[in-house]
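Enquirer: predicted model and sequence follow; I will ask about them next.
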Amino acid sequence: MRTDSGYARGSLLTVDGLGVDEVARILELTDRLAEMAAAERAKVLAGRRVALLFYESSTRTRTSFELAAKSLGATTTLVSDKSSSIEKGESLKDTGLTLRALGAECIVLRHPAGGAPFVLARTTGLPVLNAGDGMHQHPSQALLDLRTILARLGLKDKSVDEHVLEGVTVTICGDIRHSRVARSNAMLLPRLGAKVLLCGPPELLPEEARSLGGVEIVREFDAALAQSQVVMMLRIQRERLAGLEIDLADYVGRYQLNEERLRAYAPKAIVMHPGPMIRGLEIQGEVADSPQSAIEEQVSHGLDVRAALLVRALVRERRVAA
Ligand code: ASP
């Protein structure tokens, strides 16, 4: 069924317009599914078909959507640009229509062009889950990051509303310019009451980032850290730099999250990273492996949240047992 916007109900294309009530419903569904016994969970999407359409490489996002779908009993098929007619130049539209004709009921899409999930959702009429589109959005990442923060701060059982993250400051540091993760988090977290500080050099964090609204730019990493309960580190996206030169030694000196800095300015902060992380560049290996790091928890929450997104896409919520 299509909504007024023309996209199938259950699509998740962007966090823009994702209301706090809807976020709360998704996280409640995540909890319900996570608590189910494996056998019961395997019935939720039994016989349903999910296509994973990946035009960019991915480890965590692809695997977690796939394992989540399988744990719910769905059949999955992976179509990637390396091994399909995409390589022969087939358009996104024709690939989508082919998958629909083959019985796909939901498509998880990663694509290098911002907005591609909207095109796919409109042309196929199927629910589409955006698994990252260019430099635009990564909504499931923002939701799994939110669940990780709530769990680490002991807020998971509180009702998710506009105030749940009041008093919490989150610094997002690194290559903000090219990061769909930063964009999705910077839009979502302030809606739940968090203060978001963006940190990085002007080449990777242009002043225009202020237009995201509800965020502050703090150029000095130590100053941002000193205010933060959560710090999200981002890698430099070499594949999107397009000629931009970064002095890496200088960058590491000013923006690497290392033990010394963490101890001095944020000894209790939760450390996050969406991956892939480049140890020794934006983050020191010791920090990634420290008790402050929630990086592996992010991956586990990703599995749970993506299960909920698949169920939201394919089942009317009231039909999922409590
Ligand atoms: N895995 C994240 C993404 O797909 C972050 C990254 O690639 O650096 O956007």
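Expert: Perfect, thanks for sending it.

Enquirer: against P274, how distant is the most centrally placed residue in the chain?
Expert: When C-alpha atoms, centre = their mean is applied to the chain, the residue found nearest the centroid is Q141 (1.2 Å). The spacing between Q141 and P274, counted by C-beta to C-beta, to the nearest Å, is 6 Å. Every C-beta, even on glycine, is put in place using the N, C-alpha and C of the backbone.

Enquirer: overlap of the contact sets of those two?
Expert: Contact with both Q141 and P274 is made by residues V181, according to C-beta atoms under 8 Å, 6 or more residues apart in numbering.

Enquirer: the closest residue to the residue nearest to the centre of the chain other than its chain neighbours - how many residues pack around it?
Expert: The shortest distance from Q141 to any residue that is not its chain neighbour, by C-beta to C-beta, 6 or more residues apart in numbering, is 5.1 Å, and that residue is V181. The local packing count at V181 equals 25, with neighbours defined by other C-beta atoms under 10 Å.

Enquirer: likewise A242?
Expert: Burial measure for A242: 6 neighbouring residues, criterion other C-beta under 10 Å.

Enquirer: before we move on, what about the one 10 residues further on?
Expert: Around V252 there are 14 other residues, counting by other C-beta under 10 Å.

Enquirer: return the distance of the residue nearest to it when sequence neighbours are not counted relative to S293.
Expert: In space, and not counting its chain neighbours, V252 is closest to L281: 6.4 Å by C-beta to C-beta, 6+ apart. Using C-beta to C-beta, L281 is found at 16 Å from S293.

Enquirer: need the pLDDT of the closest residue to V119 other than its chain neighbours.
Expert: Of all residues beyond its chain neighbours, the one nearest V119 is L92 (6.1 Å), with distances taken as C-beta to C-beta, 6+ apart. Each residue has a pLDDT score; the one for L92 is 95.

Enquirer: now stretch 10-20 - C-alpha only, CSV.
Expert: Coordinates of the C-alpha atoms in stretch 10-20 are reproduced here as CSV (Å, rounded to 0.1, in the frame of the first residue of the first chain):
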residue,chain,number,x,y,z
GLY,A,10,7.1,0.8,5.8
SER,A,11,9.8,2.4,3.6
LEU,A,12,12.6,4.1,5.4
LEU,A,13,14.3,6.5,3.1
THR,A,14,15.5,9.3,5.4
VAL,A,15,15.3,10.4,9.0
ASP,A,16,13.9,13.7,7.8
GLY,A,17,10.2,13.5,8.7
LEU,A,18,10.7,10.5,11.0
GLY,A,19,8.7,11.7,14.0
VAL,A,20,9.7,10.9,17.6
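
Enquirer: name the residues of the longest helix seen in the chain that are buried.
Expert: Taking DSSP state H as the criterion, the chain has its longest helix at helix 295-314. The neighbour-count criterion (16 or more other C-beta atoms under 10 Å) identifies 295, 297-314 as the buried residues of helix 295-314.

Enquirer: now for it, which elements pack on it?
Expert: Using 3 or more C-beta pairs under 8 Å, 6 or more residues apart in numbering; DSSP states H and E as the contact criterion, the neighbours of helix 295-314 among helices and strands are helix 20-35, helix 60-71, strand 106-111, strand 128-133, helix 139-152, strand 270-272.

Enquirer: elements contacting the longest one?
Expert: Meaning helix 20-35. For helix 20-35, the helices and strands in contact under the criterion 3+ C-beta pairs under 8 Å, 6+ apart are helix 139-152, helix 295-314.

Enquirer: so for the ligand, which of these sits nearest?
Expert: Closest to the ligand of the helices and strands packed on helix 20-35, according to C-beta to the nearest ligand atom: helix 139-152, at 6.4 Å.

Enquirer: spell out which residues of the stretch 51-200 of the chain are next to the ligand.
Expert: On the criterion C-beta under 6 Å from any ligand atom, the ligand has as its neighbours in the stretch 51-200 of the chain the residues G132, H138, R180, V181.

Enquirer: and the last one, what element?
Expert: Just to be clear, that refers to V181. helix 180-188 (DSSP states H and E).

Enquirer: what does that helix contact?
Expert: With C-beta under 8 Å, 6+ apart as the test, helix 180-188 has contacts from 14-16, 18, 23, 114, 132-139, 141-143, 145-146, 170, 172, 174, 176, 196, 198, 209, 212, 214-215, 232, 234, 274.
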